[in-house]
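Participant: Give me a 3D structure for the following:
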Amino acid sequence: MTELAGGDLPEYFRPNFFANTPDILTGYLQSGGRPAFEARLVLAATLSPSYGIYSGFENLERVPVAPGSEEYRDSEKYELKQRKLDGPLLPLIAKLNAIRRANPAFARLENVTFLETANDSLIAYAKQEADSTVIVAVNLDPSSPQEGLVQVTAALELPYRFTVTDLLSGESWQWETGGNYVRLVPGERQAHLLGVDV
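Facilitator: Sure, this is the predicted structure:
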């Protein structure tokens, strides 16, 4: 992501981030259950201005053709499927799409600043555009709660103290430049999308 967002690449290269593909069913999705799907969805939807999901993702399809294989058992590469627009992830997909439309920070690729968390199972970054700042924190571990301090750097040029509101849940907290505690629990909350109120 750092390479894609830096230098001249954003001028001519517009990547599309897919949360999954028809060719590769990663072990992470096979064994991670819904929290793994949620983590990949939030990352794809918030890091890139263009993202996609392959049919079946919304229904948590994750059965491989054989143990150790990264091929879907019921791949659409080999059979026709009648699909309905349903699935347990559709409400989250709709909410993320609404958040993306309402926040100009998600319309660009190169406006990402990665933030330290002191925990390799947490990733955090800020996306900024004009007066819009959103801080995203995602638990990459689909099976265990993860916690850490998201280090908001002075380079973001935010006030020392500010309010953040989780665009997914509506909850608000007071944050500040420096370390801010987060705890993300699979099955309850896999990510924060924190709109900064200044």
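Participant: Let me see the domain layout of the chain.
Facilitator: As assigned by automatic domain parsing, the chain contains the domains 2-95, 106-197.
Participant: Tell me which of those sits most buried.
Facilitator: domain 106-197 (a mean of 17; mean count of other CB atoms under 10 Å). Where C-beta positions appear, they are placed from N, C-alpha and C, glycine not excepted.
Participant: got the end-to-end distance for that one?
Facilitator: Using CA to CA, to the nearest Å, the end-to-end distance of domain 106-197 comes to 16 Å.
Participant: now swap in stretch 151-158 and tell me
Facilitator: 13 Å.
Participant: Also stretch 66-77?
Facilitator: First-to-last residue span, stretch 66-77, CA to CA: 16 Å.
Participant: Just the mean pLDDT for that stretch, thanks.
Facilitator: Mean per-residue pLDDT for stretch 66-77: 87.
Participant: swap in stretch 81-91?
Facilitator: Mean predicted lDDT for stretch 81-91 stands at 89.
Participant: What of stretch 36-45?
Facilitator: 97.
Participant: Tell me where the model's unsure across the chain.
Facilitator: For the chain, applying pLDDT under 70 flags the ranges 1, 5-13.
Participant: switch to 80 and redo it
Facilitator: 1-15, 76-79, 198 (pLDDT under 80).
Participant: For it, which helix extends over the most residues?
Facilitator: In the chain, taking DSSP state H as the definition, the longest helix is helix 27-47.
Participant: same for it, what does it pack against?
Facilitator: strand 17-18, strand 51-52, helix 90-102, strand 122-129, strand 132-139, strand 191-197 (3 or more CB pairs under 8 Å, 6 or more residues apart in numbering; DSSP states H and E).
Participant: who does the first one pair up with?
Facilitator: When you say that, I think you mean strand 17-18. Under the criterion DSSP bridges, strand 17-18 sits next to strand 51-52 (parallel) in its sheet.
Participant: any residues touching the strand it pairs with, and which ones?
Facilitator: When contacts are defined by CB atoms under 8 Å, 6 or more residues apart in numbering, strand 51-52 is touched by residues Asn16, Phe17, Phe18, Ala19, Ala44, Ala45.
Participant: The closest residue to Phe18 other than its chain neighbours and Asn97: what is the separation?
Facilitator: The shortest distance from Phe18 to any non-neighbouring residue, by CB to CB, 6 or more residues apart in numbering, is to Gly52 (4.9 Å). Using CB to CB, to the nearest Å, one gets 12 Å for the distance from Gly52 to Asn97.
Participant: try Asn59
Facilitator: Asn59 is 18 Å from Asn97, by CB to CB.
Participant: One more: Lys77?
Facilitator: For Lys77 relative to Asn97 (CB to CB), the value is 27 Å.
Participant: next one: Ala45
Facilitator: Ala45 is 8 Å from Asn97, by CB to CB.
Participant: Also Phe114?
Facilitator: 24 Å.
Participant: residues in contact with the residue nearest to Ile53 when sequence neighbours are not counted?
Facilitator: Among residues not flanking Ile53 along the chain, Ala19 sits closest, at 4.9 Å (CB to CB, 6+ apart). Counting by CB under 8 Å, 6+ apart, Ala19 makes contact with Phe37, Arg40, Leu41, Leu43, Ala44, Ala45, Tyr51, Gly52, Ile53, Tyr54, Phe57.
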